[in-house]
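J.: just coords:
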């Protein structure tokens with residue numbers, strides 16, 4: 001009686017092991033590339049600027065502001081000299097603010113000048129202001145003049161004139177070299 005009981009126990013214990021051994025081998029996963037699918041979007045449109053087109057402003061420090069009607073990509077932009085105006089002296093790269101619709105660019109202006117800024121001035125295929133679906137904004141232009149009055153000399157005054165808050169700085173500070181572990185030349 002003990003022998004059949006032991007055989008039964010042995011088959012019960014070995015059963016799951018035998019069942020696992022008879023399973024077909026697992027299929028290897030098929031590698032796939034990550035894909036982001038964006039719904040179709042309208043071309044982004046400029047809904048506001050500072051200064052406004054045709055406006056006369058004080059000379060000096062200027063925070064040029066361009067606001068779009070939808071979320072934009074931070075590293076996609078193109079601006080240049082517009083027709084019929086003087087070249088604006090600006091930093092090379094605008095900053096996209098946290099609303100993801102507003103670009104700001106730190107510039108300086110001279111008194112008694114007419115400035116013209118072209119937005120997306122280059123031929124298709126080049127850099128351009130684009131939304132998150134990589135749909136390019138239509139080319140546009142902004143023209144404004146500067147008076148001969150008292151110039152704006154402080155960045156905080158230029159930020160206020162553009163209708164921005166203290167957190168809307170037109171430039172990003174570089175990381176501190178000591179904190180980032182970067183080494184400086186002797």
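T.: Thanks, I have the structure now. What you see is a predicted model; the values in this text were computed from it and never measured. Numbers count the residues shown, from 1 in each chain.
J.: Now the residue positioned nearest the centre of the chain: closest residue in space, sequence neighbours ignored.
T.: Centroid check for the chain by C-alpha atoms, centre = their mean gives residue 74 as the closest residue, at 1.5 Å. Spatial nearest neighbour of residue 74, excluding adjacent residues (C-beta to C-beta, 6 or more residues apart in numbering): residue 96 at 4.1 Å. Glycine gets a C-beta too; all of them are placed from N, C-alpha and C.
J.: low-confidence ranges in the chain?
T.: 1-22, 35-39, 123, 172-186 (pLDDT under 70).
J.: where exactly do the strands run in it?
T.: 46-50, 56-57, 60-68, 79-81, 89-90, 95-96, 102-109, 114-119, 140-146 (DSSP state E).
J.: residue boundaries of the helices in the chain?
T.: Secondary structure of the chain by DSSP state H: the helices cover 2-21, 155-161, 177-180.
J.: Please list the residues outside the second one that contact it.
T.: So that's helix 155-161. Identification of contacts with helix 155-161 by C-beta atoms under 8 Å, 6 or more residues apart in numbering yields 50, 57-58, 60-63, 106, 152, 165-166, 168-170.
J.: ok, so of these, who is nearest residue 87?
T.: Nearest to residue 87 among the contacts of helix 155-161: residue 62, at 13.4 Å, using C-beta to C-beta.
J.: Quick check: the closest one vs residue 133, distance?
T.: 31 Å (C-beta to C-beta, to the nearest Å).
J.: When these two are compared, which one has more neighbours?
T.: Neighbours were tallied for residue 62 and for residue 133 using other C-beta atoms under 10 Å; the higher tally belongs to residue 62 (26 against 16).
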